[in-house]
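Undergrad: Generate coordinates for the sequence data below:
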Amino acid sequence: MQLEQIKNELKSPQYDFLNSNTNLHNNIILLTLGGSHAYGMEKETSDLDIRGIAFNSKENILLGTDYEQVVDAATDTTIYSFHKMLQLLSSNNPNTIEILGCRPEHYLYLTPIGQALLDNRKMFLSKICIHTFGGYAGSQLRRLENKAARLVGQAQNEAYILKSITNAKYDFKTRYYPHDDNDDNDINLYIDQAVEEGYESEIFMDVKLTHYPLRDWTGMWNEMKAIVSSYNKIGKRNEKAISHDKLGKHMAHLLRLYMMCIDILEKEEIITYRETEHNLLMSIRNGEFLDDHRQPTAAFYDLLNEYEKRFEYAKHNTSLPDVPNHKKINEFRMYVDERIVCGDIGGMTGSVKK
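TA: Numbers count the residues shown, from 1 in each chain. Next up, the predicted model:
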């Protein structure tokens, strides 16, 4: 779908919610492409994904509430609230940080505040991306790892689960009970000989938590449980991917994740549209790195190994700070929120014109 076709598509009745939804309408500050169109990896059959950001209302700000996001499943559109987006960007969430690195012409609607957010995108970048992108890439890799597109051996699978949980666990302390000053509080996960019947090895845990909020513990536990549960579904996911000839797409997106994160670590730049690697990524997506049995070839794993090595080197040699520039992020949020509360938003907003 060409860019002009996309712009015309947004004028169709199915996108009327952009103006009729009370959280959107005059509050939208940015609309852009998402998914394959944003990466430059689309085919004629690719779905159109729209991503965006909208202000929180005066009521949201004063009452401390947040609608977080508006999702329209029929059009694959997700519009995040300004506050929610700042939170996701600060955690270097791959699905949202890519919104700040699109091609200029892919911003279908952009206000001055939206442009200011793009201009100051480096304030969000930090070494946290090592774990967020690494965890996301790891989950993609697990779908491809076994030659027969089924689960790997139980012991190896257990190691993959532990690696994914370790990535997720990286920022537990900042998100769950950040004021915990007890250095003895810890969750230690490790692999040992299994006691579970039918297992070779399994993950064990040593937990020491003193005076710890129950709700924070349940939050961490649910995240770890979700990761374990997701691995139980990987075999079925791979079978579905093969039956729909989507394995090449998963392979291409895995490399794309490494490419994006390496750029962030080495250049401190967010490059969503992969122009330089376009031909390579499309050849992978189109199945040129699949063998006669529709499985990833050795050449693909050699390529993957190269990018994993580059990622490892970049993460140990990056000049990025450990955490985002929270001072600057908070100042930006206060500047925007103050203008909204005071009604001084002239030139900051505007409805999406049909």
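
Undergrad: Tell me where the chain has strands.
TA: Here the chain has its strands, by DSSP state E, at 28-34, 49-54, 69-72, 77-81, 107-110, 186-193, 201-208.

Undergrad: In CSV, list these along with mean pLDDT, distance to Gln140 and mean neighbour count.
TA: (C-beta placed from N, C-alpha, C; glycine too.) Below are these laid out as CSV (pLDDT from 0 to 100; distance: least, CB to CB, whole Å; neighbours: other CB atoms under 10 Å):
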stretch, mean pLDDT, distance to Gln140, mean neighbour count
strand 28-34, 96, 17, 25
strand 49-54, 97, 18, 24
strand 69-72, 96, 22, 16
strand 77-81, 97, 20, 22
strand 107-110, 96, 27, 18
strand 186-193, 92, 22, 12
strand 201-208, 93, 21, 13
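
Undergrad: Is it possible to get those strands out as a markdown table so that each row also shows distance to Glu331?
TA: Shown next, in a markdown table, are the strands of the chain (distance: least, CB to CB, whole Å):
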| stretch | distance to Glu331 |
| --- | --- |
| strand 28-34 | 17 |
| strand 49-54 | 18 |
| strand 69-72 | 24 |
| strand 77-81 | 19 |
| strand 107-110 | 21 |
| strand 186-193 | 34 |
| strand 201-208 | 38 |
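
Undergrad: Give the residue spans of the stretch 1-150 of the chain that score low on pLDDT.
TA: For the stretch 1-150 of the chain, applying pLDDT under 70 flags the ranges 142-150.

Undergrad: can you give me the helices for it?
TA: Applying DSSP state H, counting those that start in this stretch to the stretch 1-150 of the chain gives helices spanning 3-9, 17-20, 35-39, 58-63, 82-90, 94-97, 112-119, 128-142.

Undergrad: Tell me which of those sits nearest to Gln69.
TA: Closest approach to Gln69 among those is made by helix 82-90 (6.1 Å; CB to CB).

Undergrad: angle of the closest one against strand 28-34?
TA: Relative orientation of helix 82-90 versus strand 28-34 (axes from the mean of the first three to the mean of the last three CA atoms, to 10 degrees): 40 degrees.

Undergrad: Other residues contacting helix 82-90?
TA: With contact meaning CB atoms under 8 Å, 6 or more residues apart in numbering, helix 82-90 is reached by 29, 53-56, 60, 66, 68-69, 80, 95-97, 99-100, 124, 324, 326, 329, 332-333, 336.

Undergrad: thinking again about what came up before, ok, which of the strands of the chain comes nearest Thr272?
TA: strand 28-34 (8.8 Å).

Undergrad: neighbouring strands for that closest one, and are they parallel or not?
TA: Sheet pairing here is set by DSSP bridges, and for strand 28-34 it gives strand 49-54 (antiparallel), strand 107-110 (antiparallel).

Undergrad: if I look at the nearest residue to Glu44 once chain neighbours are set aside, how far off is Asn286?
TA: Counting by CB to CB, 6 or more residues apart in numbering, Glu44 lies nearest to Met1, which is 7.7 Å off, once chain neighbours are set aside. Separation of Met1 from Asn286 (CB to CB, to the nearest Å) stands at 18 Å.

Undergrad: circling back: help me confirm that the residue nearest to Glu44 comes into contact with Leu48.
TA: Yes: if you go by CB atoms under 8 Å, Met1 and Leu48 touch, sitting 6.2 Å apart.
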